[in-house]
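# Just a sequence and a predicted model for now, questions to come.
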Amino acid sequence: HYTCGINPKMGGISKSILLLTQGLNIYGIKSSTVSLGNTKTNLKLWAKHFAFLKKYSLRVYLTLSPFENPYGIGWNFGLSKKTAVGILSSDVLILHQIYSLSTVIGYFHAQKFRKPYILFPHGSLSIYHERDSRIIKKIAKIFIINRILREANGFIVTSELERSDLTDSMRNRSIVIQIGRAHV
């Protein structure tokens, strides 16, 4: 799992990593987590969850950022050497969100180590989110994001509604995995 900082205020990404890691473990599938751009405050707030990930994951790699950001800024280039061992033993990489440094780093690792990767956009490809920071996203798409989307081996979405926001090409490579359960 490649993700931006684990932020308690943005529960979707971190909760899905926790649930996927636990669920995969039931089937004997181990996973590693690479989380970039964490603040010391977020690490303290999520201490029990990191302990949980370490229990179910092979490895948990974290980087610190001096400021809170939703983009995973705070990459440590020394981390590449540490994560290489985990990547080489992985069958597939899951890149969480789309417009984050962690997605770009995960993509470069997938290319370097010739590993398939799956994108878990967490709504970042929805029509609503595509309107936010439109110019920045358009520039990012031109330089790297379109290639990441085009070359992805698959997409994980949490609902049919999220799936309907994908292009036909992405929808054909997607699967719906519901995270959690709504109670009425």
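Looks like it came in fine.

# For this protein, just list every one of the strands.
Using DSSP state E, the strands of the chain run over 2-3, 31-38, 57-64, 93-96, 117-120, 154-157, 174-176.

# Include distance to L19 and mean pLDDT when you put those strands into CSV, please.
C-beta: built from backbone N, CA, C; applies to glycine. As requested, the strands of the chain are exported to CSV (distance: least, CB to CB, whole Å; pLDDT from 0 to 100):
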stretch, distance to L19, mean pLDDT
strand 2-3, 13, 86
strand 31-38, 12, 84
strand 57-64, 13, 79
strand 93-96, 12, 91
strand 117-120, 12, 94
strand 154-157, 12, 94
strand 174-176, 14, 92
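
# quick one, which of those is packed in tightest?
strand 2-3 (a mean of 28; mean count of other CB atoms under 10 Å).

# from the middle of its chain, how far away would that strand be?
In this view, strand 2-3 has its centroid 4 Å away from the chain centroid, taken as CA atoms, centre = their mean, to the nearest Å.

# Repeat that for stretch 37-55.
How far stretch 37-55 lies from its chain's middle: 16 Å, per CA atoms, centre = their mean.

# Also stretch 121-141?
How far stretch 121-141 lies from its chain's middle: 16 Å, per CA atoms, centre = their mean.

# First-to-last residue distance for that stretch?
14 Å (CA to CA, to the nearest Å).

# Kindly report the same for stretch 103-121.
One end of stretch 103-121 to the other measures 10 Å (CA to CA).
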